[in-house]
Each structure stands twice: as C-alpha cells, then as structure tokens.
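Undergrad: one predicted model, sequence on top.
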Amino acid sequence: MRKILTLLAMMALAGCGGGGGASTAPNPNPQPPVPTSAPQAGLVTPQFTIRIPVRQGSAKGRTPQFISSATASVKITLTADSVGIDPTTISGNPAITNIAAGSCNSGCTVNGPPTPPGTDSFTIITYDANGATGHAINAAQANGVTITAGQNTAVPITLGAIPATLSVSGVPTGAGALTAGTQSQTASISVVAADGHGDTIPTGQTPNVFYVDATGAALNVTVSDPDTNLHGSCVVNSGTSTCTSGSATSVTFSGPDITKVLAYDGLAENPVTLTASASGATNGTASFQPKLNAPAFNSSQATPSGVALTGSAEIDLFATTGVGSTGSESFTESGWTNSPYNHALLVTGTPACTPASPALSGIATVVAGSNSTTNGTPFTATVVASPTAGSCPVTIGDGLSSNTTDGSATLTVTYTTSSVNASSKRRQ
C-alpha cells in the first residue's frame, strides 16, 4: 500500500527543480523565519509523478498490489518554507487532483501547490474518493526539499500505509495452543492491518511497507499483554522469557512485516486478551488461552492407611474421634502446584451427595492445606460432630473457570457407622 512519487519543481520557460531528499523526520530549524502573507508572484509549481495500477475487481479478501489501486485523489500540501511565507496564505495550497480509475497505471503527473524556491516541506496524502474525501489510505512527509532555480532534480518519496483497523495474528489456539506446565514456550506474532478502504496492507514488498498516520509521520502499532502473573504470558521483541516482571508488557510494530514474540512460561491461567492499538485506528484483540492440565490424584500422600485409600481418591470415615475420624489425600496439577508455580488447588462446586440429604456438611469438612511443589495440595476431611451416613463427591480444581480447557478431579468422602477393633484399628 505504498506509492513512489517523483517530485519535479517546474516553472514556465526557465526550469528550477527540487534537490535533496525526503524523510519522515521534521527538518531542524532552530530560528524559523517569521511567516508573512504570500505574494503569488515568483512561486513555482512542483509536479509529482504517480503510478497507480488498474483495479481489477474487488481487492477485499485478497492481497492488494504494491501500489494501491483504490486511489481516487491526491492532496499535496506545502507545510513549511525557508522564505518566511505563511503556507496557509498561499492561494492554491493545498493542491488536490482527482485520479480517474486506470488513468495512472503507466504514470501521470499531478501539480503540487504554488511554492517559493528555497527549502520547502510537503505532505502528500492519497484518498479513495474524489476531492480528497473518503478514506486517507497513504501518506508521506517530504521535509527539507531544496528547490533551486535552474535545476530539475527528481526526489523519490515513499508513501506509508495508514492503518484503519487492526488485528493480532499468530496467537496459538485450538490444537496448537501452548500447554500449561511447560516453561519457555514461544509463538511468533504480527499485526494485520487494513486501510480505510478495507484492503489488507500487504507484506513481502520491497522495500517493506511501513505504517504512517494521516499526516505522513511514522506510526507504530502497539500490541499489549496485560498479564501480570509470574510465569504467565508476556510479549517481547525476541528470544524467550520467563515472564517474571510482574507487570504488563508491550511491543511495537512499524509495519506488517515486523514480527515479535508471545512468550509463555507455563502457568495455568485464565485467557489473556492481547490488544493492538494505534492512533487513528480501530483496536484489534486476540485471546491467548493456554491448554490446562486436569488435577491428578497423588496416591503416595494418602494417610492414614485404611481411611484414605491409595487405589482411588476416596476418604472413608467411620468414627467420630481417633482413627477413622479424619483422613488426607493430595492432588497435583502441572502448571499450577509444581515448581516454579506453587499454587494450591481448591474445593470447587457443590457436592452431589448420596442421599441428597444430608449434604457434605452433614458428614465432614474438607480443607485444603499448604501446597507442596513436590507432592501437591493436601485435602483433609474431618468428620462433623453428629455425622450421618452418606457419600459426597467433592470437586478439586484450580478455580480457573474462565479457561474452557480447565479440568477437575473428584475426591469422594464417605461416612459409615461401624465399630473399631482397638488392636487392628480396622473397621469391623
């Protein structure tokens, strides 16, 4: 979505032209002259040569050509001069030229505004409608162009693309999603932008397309990641990251060919919304949602034997005091309980007890203990003062209910009436 224009300063009978180059940075002038009203005599008319390909059908939904074929008009504005004339007082500034479809595919010349010889600056903006209306789609600044009598010097000006709508590309989803529990994972991300006409700003051009605002000044698109979780996600310029700053992160894109890195250090977490933003453009978002692991029963931590089973996640209570009145079992979850994450699992949901009454509150209390990065989170069931026989499956999870890839485990707590043999401490 760029155009190459050639600047030629011309005047009747005697040629005088532009010398020097164009840039996107303002021309330094620590002691600017005091602007005066413009005498129209002695001004020259710079000319710009533009080449626009013929538009073949709709370009929406496919990659536009290197030079935007949607251009319908060009506005060229004198913004500064070294003579001291106020450019806003010059009649004919800015100069607007309509471009008929197909008329410039081999090149055509359009006039700039009346311009005093000396050092001058211009902005060039193209639109997708006549009369410099509709959407601005390309722009450039030509600063510090020296126009000298008796010279015709071509000055190439590269127009940048003006992004109107943004989106973030490359964030892994579905089967390709990054997985909790694995550190130093990365994905390459980029910005996909469309101009005001609705055409995608293309990649793979030579030289690369760059973004500008509606004045032709260089523009960066910022992609921000609001994740402040340690070992969660972050965006970085390159390489890998453990994402341990504890702060939101952001990276900038100067054009559609630029790529950056979404880093993920394996923390189980809810989806994170990345946002692409730039002045004058509509924000775009992408959701990063890691694939989580379900909690797993750690049978090696089931105590005491005969109360907390090792073959399944079940605590069978059968006494109001002593052995049989309490038991503990542990659960682990990769990306949550293990190192370096060290988060405790939780009791979640409402137990579906059998019989429906009494509920778990009529059998026992279940409390999560301090998490161990080696053994996981222990859950201790303790019989209540006046228990009623029954069975309740308790849901164990990480509490990340907004992540649709989340899983859970079940701890079953039962209470049965029995007698206990003092020597064997086993139910009879």
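TA: Yep, that arrived. Numbering: from 1, shown residues only.

Undergrad: pLDDT weak spots in the stretch 301-428 of the chain?
TA: Low-confidence regions of the stretch 301-428 of the chain, defined by pLDDT under 70, span residues 356-357, 418-428.

Undergrad: repeat that for 80
TA: Regions of the stretch 301-428 of the chain meeting the criterion pLDDT under 80 cover residues 349-358, 418-428.

Undergrad: please enumerate the strands of it.
TA: Counting by DSSP state E, counting those that start in this stretch, one finds strands in the stretch 301-428 of the chain at the ranges 314-317, 326-332, 346-348, 364-368, 377-383, 390-397, 409-415.

Undergrad: same thing with the stretch 51-200 of the chain?
TA: With DSSP E, counting those that start in this stretch as the definition, the stretch 51-200 of the chain shows strands at residue ranges 73-81, 95-98, 108-111, 118-129, 133-149, 155-158, 160-161, 165-169, 185-194.

Undergrad: show me the contacts for the residue nearest to V384 when sequence neighbours are not counted.
TA: Leaving out its chain neighbours, the residue that sits closest to V384 by Cβ to Cβ, 6 or more residues apart in numbering is A364, at 6.0 Å. For the C-beta atoms, the positions are set from N, CA and C on the backbone; glycine is no exception. Contact analysis of A364 by Cβ atoms under 8 Å, 6 or more residues apart in numbering lists 315, 317, 381-384, 387, 413, 415.

Undergrad: any idea how far N98 is from P207?
TA: For N98, the distance to P207 equals 28 Å [Cβ to Cβ, to the nearest Å].

Undergrad: please read the previous query as pertaining to I201.
TA: Counting by Cβ to Cβ, the gap from I201 to P207 is 14 Å.

Undergrad: and this structure, what are its domains?
TA: In the assignment given by automatic domain parsing, the structural domains of the chain cover 4-161, 165-207+216-288, 296-415.

Undergrad: now the strands of the stretch 51-200 of the chain as CSV including mean neighbour count?
TA: Rendered in CSV, the data for the strands of the stretch 51-200 of the chain read as follows (neighbours: other Cβ atoms under 10 Å):
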stretch, mean neighbour count
strand 73-81, 22
strand 95-98, 18
strand 108-111, 17
strand 118-129, 22
strand 133-149, 21
strand 155-158, 18
strand 160-161, 26
strand 165-169, 19
strand 185-194, 20
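
Undergrad: these: lowest mean pLDDT?
TA: If you rank the strands of the stretch 51-200 of the chain by mean pLDDT, strand 155-158 sits at the bottom with a mean of 80.

Undergrad: and it, how far out from the chain's middle?
TA: Average the C-alpha atoms of strand 155-158, do the same for its chain, and the two points are 32 Å apart (Cα atoms, centre = their mean, to the nearest Å).

Undergrad: quick one: list the elements packing against it.
TA: Counting contacts by 3 or more Cβ pairs under 8 Å, 6 or more residues apart in numbering; DSSP states H and E, strand 155-158 packs against strand 4-10, strand 133-149.

Undergrad: what do you get if the cut-off is 10 Å, keeping everything else the same?
TA: Using 3 or more Cβ pairs under 10 Å, 6 or more residues apart in numbering; DSSP states H and E as the contact criterion, the elements in contact with strand 155-158 are strand 4-10, strand 16-19, strand 45-50, strand 118-129, strand 133-149.

Undergrad: excluding its backbone neighbours, what's nearest S167?
TA: On the basis of Cβ to Cβ, 6+ apart, the spatially nearest residue to S167 that is not a chain neighbour turns out to be G284, at 3.8 Å.

Undergrad: beta partners for the one you found?
TA: The partner list for G284 in beta bridges (DSSP bridges) reads A276.

Undergrad: what's the burial count for it?
TA: G284 sits with 22 neighbouring residues when counted by other Cβ atoms under 10 Å.

Undergrad: would you check that it makes contact with S224?
TA: No. Contact criterion Cβ atoms under 10 Å: G284 and S224 do not qualify, at 11.5 Å.

Undergrad: where does the residue nearest to S245 when sequence neighbours are not counted sit, in terms of helix or strand?
TA: Sequence neighbours aside, C234 is the residue nearest to S245 in space, at 7.0 Å (criterion: Cβ to Cβ, 6+ apart). Remark: C234 resides in strand 233-236, with elements defined by DSSP states H and E.

Undergrad: pull the distance from that strand to the chain's centre.
TA: Distance of strand 233-236 from its chain centroid, counting by Cα atoms, centre = their mean, is 10 Å.

Undergrad: who does it touch, helix- and strand-wise?
TA: strand 185-194, strand 221-225, strand 249-253, strand 260-264, strand 272-277.

Undergrad: which residues touch P113?
TA: The neighbours of P113, taking Cβ atoms under 10 Å, 6 or more residues apart in numbering as the test, are 43, 45-46, 75-79, 87, 90-96, 120, 122.

Undergrad: equivalent analysis for G390, please.
TA: 351, 353-360, 362-364, 413-416.

Undergrad: show me which of the residues you listed is closest to T337.
TA: Set against T337, the nearest of the contacts of G390 by Cβ to Cβ is V413 (20.6 Å).

Undergrad: that closest one and A101, how far apart?
TA: Computed as Cβ to Cβ, the V413 to A101 distance reads 76 Å.

Undergrad: which one of those two is surrounded by more residues?
TA: A direct count of neighbours by other Cβ under 10 Å for V413 and A101 places V413 higher, at 27 against 13.

Undergrad: beta-bridge partners for the more buried one, please?
TA: I315, C392.

Undergrad: before we move on, the earlier item: separation between the residue nearest to V384 and T89?
TA: If you go by Cβ to Cβ, the gap between A364 and T89 works out to 88 Å.
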